[in-house]
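Okay, sequence plus prediction incoming.
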Amino acid sequence: MRTHAMGEMTVKEIREYLKTNQTIILPYGVVEQHGYHLPLSMDIHNAEVPSYALAEKLGCIVAPPLNYCFSGGQLPGTINVRPTTFCAMVCDIVESLANQGFLNILIFPGHGGTESLDQLRESLRILKWLNPALEKVMIMILRRGEFWQRPKEPGMTGSDFHAGDAETSLMLAYRRNLVQLDQLELDEKELAERMRHDQDAYQICTTLSGKPQEIATTRQRPEIKVGVMGYPEYATAERGVENLEKSITPMAEMLKQAIAEAERTEKAENASRRNRRFSAETATKPVREAPGALGLFHWNSSRAKPLT
């Protein structure tokens, strides 16, 4: 394979690829605040770098990333897209890929926000529900944290949610030129510590009535200036390499098994449909009786059955 990047391939190369491989990875990220030491494009790299590592293990291709979804952050540079808009885009992309012949569509989030992810799962479920043509298309959403998580270091009393050790280590290993460790800062100490223990601590939710039935107004806390929610001070390039390998390797093994099982299931169903069709076609044919050691046989299927 000349390249794993779909966007660098030609029409002819995609046509040839689909003759032997129907797997594609679709990464998505977001443009959002990641402190002063990481770029706004952090989550795009967080989707693309693992996607290409996975593609090498699977021997498949990677679609151009979708770079926008809902962030929730409101610091300068952050671009928010409604989850409904994002999900509609992904569903359209999935249908387009399926129409071309892709049967295994692997969606790789680089952004962990649940607002987009939860709605995406439901949108894809309903898409498959309403479109029978997608019944044989396997769609998966892959998250590295489901396959491996680095144990906490002794000094980590909270969690590494955002712009912390994991993301900074990934960038030090694979996008070092985009990391500015000399600019590393945290928000005010008490606030930074609170955001290490509660990933929703950056939000303020208010209502006019105080009643649970009211839809709350949600805003980012105005005192947040940096937006780090984790432990970037522990980050190293070596940790980034290890994190990637230990999560992608078991993911790739799971996917190889899943793709093989999906192919076996499809072959079995195709064989069953062929048998049913053959039986229906021969059911109306006249019975041909033939003497034999076991008596008379009814020749209306692929297998002779003794008459009783």
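Received it, and whenever you're ready, just let me know what you need. If you're wondering where the values come from, they're calculated on a predicted model, not measured in any experiment.

burial count for D198?
13 (other CB atoms under 10 Å). For the C-beta atoms, the positions are set from N, CA and C on the backbone; glycine is no exception.

Give me the pLDDT value at it.
The per-residue pLDDT reported for D198 equals 94.

roughly how far apart are it and I25?
Shown here: D198 relative to I25, a distance of 32 Å by CB to CB, to the nearest Å.

show me where this protein has helices.
Taking DSSP state H to define them, one finds helices in the chain at 11-20, 42-58, 83-100, 114-130, 165-174, 189-197, 237-282.

any idea which of the ones you listed scores lowest on pLDDT?
Averaging pLDDT over each of these singles out helix 237-282 as the lowest, with a mean of 88.

just how off-centre is that one within its chain?
For helix 237-282, the distance from its own C-alpha centre to the chain's C-alpha centre is 16 Å (CA atoms, centre = their mean, to the nearest Å).

Now do that helix and helix 165-174, the angle between them.
On the basis of axes from the mean of the first three to the mean of the last three CA atoms, to 10 degrees, helix 237-282 is oriented at 90 degrees to helix 165-174.

between the helices of the chain, which one is nearest to M138?
Nearest of the helices of the chain to M138, taken as CB to CB: helix 237-282 at 5.0 Å.

by contact count, what packs against that closest one?
Counting contacts by 3 or more CB pairs under 8 Å, 6 or more residues apart in numbering; DSSP states H and E, helix 237-282 is packed against helix 42-58, strand 104-109, strand 138-141, helix 165-174.

Mind doing that once more with 6 Å?
Under the contact definition 3 or more CB pairs under 6 Å, 6 or more residues apart in numbering; DSSP states H and E, helix 237-282 sits against helix 42-58, helix 165-174.

Which stretch among these is buried most, on average?
Per-residue neighbour counts averaged over each of the helices and strands packed on helix 237-282 give the maximum for helix 165-174, namely a mean of 24 (mean count of other CB atoms under 10 Å).

List the contacts of it.
Helix 165-174 is contacted from outside by 42, 49, 160, 178-179, 230-232, 234-237, 239-241, using CB atoms under 6 Å, 6 or more residues apart in numbering.

Could you do stretch 27-34 as well?
If you take CB under 6 Å, 6+ apart as the criterion, stretch 27-34 is touched by 40, 42-44, 47-48, 51, 65-67, 69, 71, 73, 75, 78-79, 108-111, 163, 227.

Figure out how far that stretch is from the centre of its chain.
Going by CA atoms, centre = their mean, the spacing between the C-alpha centre of stretch 27-34 and its chain's C-alpha centre is 14 Å.

Pull that stretch out as PDB, backbone CA atoms only.
Backbone C-alpha positions of stretch 27-34 (Å, rounded to 0.1, in the frame of the first residue of the first chain) are rendered in PDB as follows:
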ATOM      1  CA  PRO A  27     -11.000  10.200  13.000                       C
ATOM      2  CA  TYR A  28     -12.700  13.300  14.500                       C
ATOM      3  CA  GLY A  29     -11.500  16.000  16.900                       C
ATOM      4  CA  VAL A  30     -12.300  19.500  17.900                       C
ATOM      5  CA  VAL A  31     -10.600  22.900  17.900                       C
ATOM      6  CA  GLU A  32     -10.600  23.900  21.500                       C
ATOM      7  CA  GLN A  33      -8.600  25.300  24.500                       C
ATOM      8  CA  HIS A  34      -5.700  23.100  25.700                       C
END
